[in-house]
Structures are given as C-alpha cells and as structure tokens.
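Participant: just need the structure, nothing else, for what follows:
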Amino acid sequence: MNVITKLQEILPELSKNERKIADYFLQHPQNVEVYSSEAIAAVCDVSRSTIIRLCHKLGYRGYSEFKYALLHDPDNTEEKPTLTLLPPVAADHVLHYYCSSLMQMEPLINSPVMSEIVDAISYANRVVALGYNHSAFSAQQLSFRLNKFGVDCHSLQDSTLMASYERILKQGDVVVIFSISGRSAYQAPVNEYRRNRVKVILITMTPDCELSKTVDITVTLPHLSNVSNVHPLDDAITFYMFIELIIESLNKKLNELEVHSIRPME
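Facilitator: Take a look at the predicted model:
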C-alpha cells in the first residue's frame, strides 16, 4: 500500500491537529522534499510532535522515514508540481503569521540561488542596494549588515542618484534591489546597469513581475501582508530575515575560503 493511500485510510481516526498535517501532506506532497518537520508544523500551526505521532500511526519511526517512503513511492513517480507556500492554518496570533512566513523561506538555505547571490557579493568590487519608500529601509539594512561584515556596500533610495550611478557602476559591481511589487520605476536604471555588465539581483514578493525578466537573479519571498485581513502585518520583517540568510551564507563561505587561504574581497 502506498503512502498516500495509507494517509487517506487513517483520516477518520486522526485527531484534529493530526488531520491538519494529513490534509497538508495529501494536498502538497511535493513540499515534503524541501521542508523540515519544524517548517511544516509552523505552517500548519501544530507542534512537531503531532507530525511524529502521525508518522507513527502510518507505521514509520519518524518524519525522516516517512519522507523517504513518500519520495521513493513507486506510485508517485509523475513529474513533481511546483513547491507551494501556504499561510498558517487557523493562526490566532500575529506571531504565528510571522513565524510561518519566515519558516517558508527555509528551502532557500543552501539553495543554488542563495549560493549564486553569495558568490556575486563575495567577489563584487562594490555592492549597491536600492529601495524606494518602505523598501528603502531594507536596502539600508543590507548595507549596514554587509559593511559590518566587511563588504563595501551603500544604499540608494533616490531615483536621481540611481540614475547617476549608471555612469559609475561597471562590470564587477553588484546591485541588489528590494521591491515588493518589482515596480517598473527601476527599469530604466536597471537597463543601463546591465549594459555596463553590472550584475543585478531582485528581491521581491511578486512572482513573474516585469522587472524579474531583465535582472540576473530573482528571489521571490512570501508576501506576508497579503495573508491576513485581521492583523496589520509588515513585509519588512521578511526582507530583513532574508538579509540574515545572506549574511549567514556569506559567513559560511568566507570561513571555507579562509581555510584554503583565499580571500576574495582583499
């Protein structure tokens, strides 16, 4: 009997919280490949022990064994659908929304796109962070964190200054844009940066935005402020945490390079 069939058969005997997890697995089995049990517990607003109990009821010793069985199920060999990010289920406090949003970024840790961003920053001659209005604070935060970490970076939030940098930036430089919507206001300077062979990275919350078609790297983060009509949520926290993921990955890379006596930013 395959894993999905087992899940369907034991649904009537599950507790309310176990049913949340079972329904999640049935609707989004592809997420098991990239999410830890802690991440799925946060998304479903249950404890990790609930997931373990469900795995035991299915006949597995724990989540790892369940995950292996699901991923290697011969009846589940069709092409895997795209990873689905979900808001928390029945969250009763603003903290649940923020925690689940942050945990949804877990697949980015050690991902190819994170490695590409860290490589670009590590070997950049200089890094410039751009952001308009509220997103300008995230650009400033990246600049602050990178400079504190020893990477030359400053932030711009004025369109005139962004345009003036079209004549300053050149190959070997990196531009990081924070824009929830991927707004077209960045398009003109981005086109000039790219002509100068500047690498441009877009951090956004809008999938397939127009700006993503003209930059080198795009990362789409959870759009938390769209999740709840009850809580006044702010997306800056998501941007800030992604910055911390960059810093942690950069720290790991530089420690590895130091072991081999390679220091790219000197």
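
Participant: on the three-state scheme, the residue nearest to residue 250 when sequence neighbours are not counted is what?
Facilitator: Leaving out its chain neighbours, the residue that sits closest to residue 250 by C-beta to C-beta, 6 or more residues apart in numbering is residue 118, at 5.2 Å. (Glycine included, C-beta is placed from N, CA and C.) What DSSP: H, G, I helix; E, B strand; the rest coil gives for residue 118 is helix.

Participant: residue contacts, residue 118?
Facilitator: Applying C-beta atoms under 8 Å, 6 or more residues apart in numbering to residue 118 gives the contacts 246, 249-250, 253.

Participant: relative to residue 218, how far out is it?
Facilitator: Distance of residue 118 to residue 218, given as C-beta to C-beta, to the nearest Å: 16 Å.

Participant: and residue 149, backbone torsions?
Facilitator: phi -90, psi -10 (degrees, to the nearest 10).

Participant: contacts only, for it.
Facilitator: Residue 149 sits next to 247, 250-251 when contact means C-beta under 8 Å, 6+ apart.

Participant: what packs against the strand or helix carrying residue 18?
Facilitator: Applying DSSP states H and E as the criterion places residue 18 in helix 16-27. Applying 3 or more C-beta pairs under 8 Å, 6 or more residues apart in numbering; DSSP states H and E, we find helix 16-27 packed against helix 3-10, helix 37-44, helix 48-57.

Participant: and those: which comes nearest residue 239?
Facilitator: Distance to residue 239, taken as C-beta to C-beta, is lowest for helix 37-44 among those, at 19.1 Å.

Participant: which parts of that closest one are buried?
Facilitator: Neighbour-count burial for helix 37-44 flags 37, 39-44 (criterion: 16 or more other C-beta atoms under 10 Å).

Participant: for those, give me a markdown table that also has pLDDT and distance to residue 69.
Facilitator: Output for the buried residues of helix 37-44, formatted as a markdown table (pLDDT from 0 to 100; distance: C-beta to C-beta, whole Å):
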| residue | pLDDT | distance to residue 69 |
| --- | --- | --- |
| 37 | 81 | 14 |
| 39 | 76 | 19 |
| 40 | 82 | 16 |
| 41 | 82 | 19 |
| 42 | 75 | 23 |
| 43 | 77 | 21 |
| 44 | 80 | 20 |
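
Participant: can you list these in JSON lines and add distance to residue 62?
Facilitator: JSON lines is the format used below for those (distance: C-beta to C-beta, whole Å):
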{"residue": "37", "distance to residue 62": "8"}
{"residue": "39", "distance to residue 62": "16"}
{"residue": "40", "distance to residue 62": "13"}
{"residue": "41", "distance to residue 62": "13"}
{"residue": "42", "distance to residue 62": "18"}
{"residue": "43", "distance to residue 62": "19"}
{"residue": "44", "distance to residue 62": "17"}
